[in-house]
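> Need a 3D model of the following:
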Amino acid sequence: MSRIGRMPISVPAGVEVKNENNLITVKGSKGEISKQFSKELGIEIADGVITVTRPSESKNHKSLHGLTRTLIANMIEGVTNGFSKTLEIEGVGYRAAKQGKDLVMNLGYSHQVIMPEKDGITIDVPSANKIVINGIDKQAVGQFAAEVREKRPPEPYKGKGIRYEGERIIRKEGKAGKGKK
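Here you go, the predicted structure:
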């Protein structure tokens, strides 16, 4: 049996979980998330504990078992604490600023790169070279962070670009110089 799938999920105080035909709705202090899961799996809520069961040992059921449990746990984590991703901008003249609900970045192009906030996502720019993306849906936060990073990914020679906080860029050596003839 799946080690992750069989672990029970405890529901903290202040979080309300509803199950209607495997449509899980989680409501907490930060907001509300709903997700539809496979009708083949059994999701039971009893005494503040959620358990996920699978009907058989087929490969499809095994793969859905752990995934479903993790997604429900992430929904509960999101409405209680939320998720955040921090991006760092490195490079001469590269910077970010917040104008209203838009993220405005100067990334060495001839124009500014403007990205509007999506619903469920908040953008914070504590300094000119740091971007913090917050939200209650882990997938949406990660996806938006990837879209921001995609505007100028870090290059391997000087390390300029947008990177995740703590991301290590493997540097390449430049031209070694022309050989003598």
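> Where does the prediction get shaky in this structure?
Filtered on pLDDT under 70, the chain yields the residue ranges 1-2, 177-181.
> again, only this time at 50
Within the chain, no range satisfies pLDDT under 50.
> the strands in it, which residues?
With DSSP state E as the criterion, the chain has strands at 9-10, 16-20, 23-27, 32-36, 42-46, 49-53, 83-90, 95-99, 102-106, 113-116, 121-127, 130-135, 161-164.
> Check which helices and strands the last one is in contact with.
Just to be clear, that refers to strand 161-164. The criterion is 3 or more Cβ pairs under 8 Å, 6 or more residues apart in numbering; DSSP states H and E, and the helices and strands that strand 161-164 contacts are strand 83-90, helix 138-150. Just so you know, the C-beta spots here come from the backbone N, C-alpha and C atoms, and that holds for glycine as well.
> Who are the contact partners of the residue nearest the centre of the chain?
In the chain, the C-alpha nearest the mean C-alpha coordinate belongs to residue 142, at 2.5 Å (Cα atoms, centre = their mean). The contact partners of residue 142, by Cβ atoms under 8 Å, 6 or more residues apart in numbering, come to 83, 85.
> Turn the helices and strands packed on strand 161-164 into CSV, including distance to residue 125.
Output for those, formatted as CSV (distance: least, Cβ to Cβ, whole Å):
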stretch, distance to residue 125
strand 83-90, 10
helix 138-150, 11
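> out of the strands of the chain, nearest to residue 59?
Minimum separation from residue 59 across the strands of the chain (Cβ to Cβ) falls at strand 49-53, 16.7 Å.
> buried residues in that closest one?
The neighbour-count check on strand 49-53 (16 or more other Cβ atoms under 10 Å) flags 50, 52 as buried.
> chain center to that strand, what's the gap?
Per Cα atoms, centre = their mean, to the nearest Å, the displacement of strand 49-53 from the mean C-alpha position of its chain is 24 Å.
> Given that strand, what are its sheet partners and their directions?
In the sheet, strand 49-53 lines up against strand 9-10 (antiparallel), strand 42-46 (antiparallel) (DSSP bridges).
> Residue 28 is nearest to which of those?
Of the strands paired with strand 49-53, nearest to residue 28 by Cβ to Cβ is strand 9-10, at 13.6 Å.
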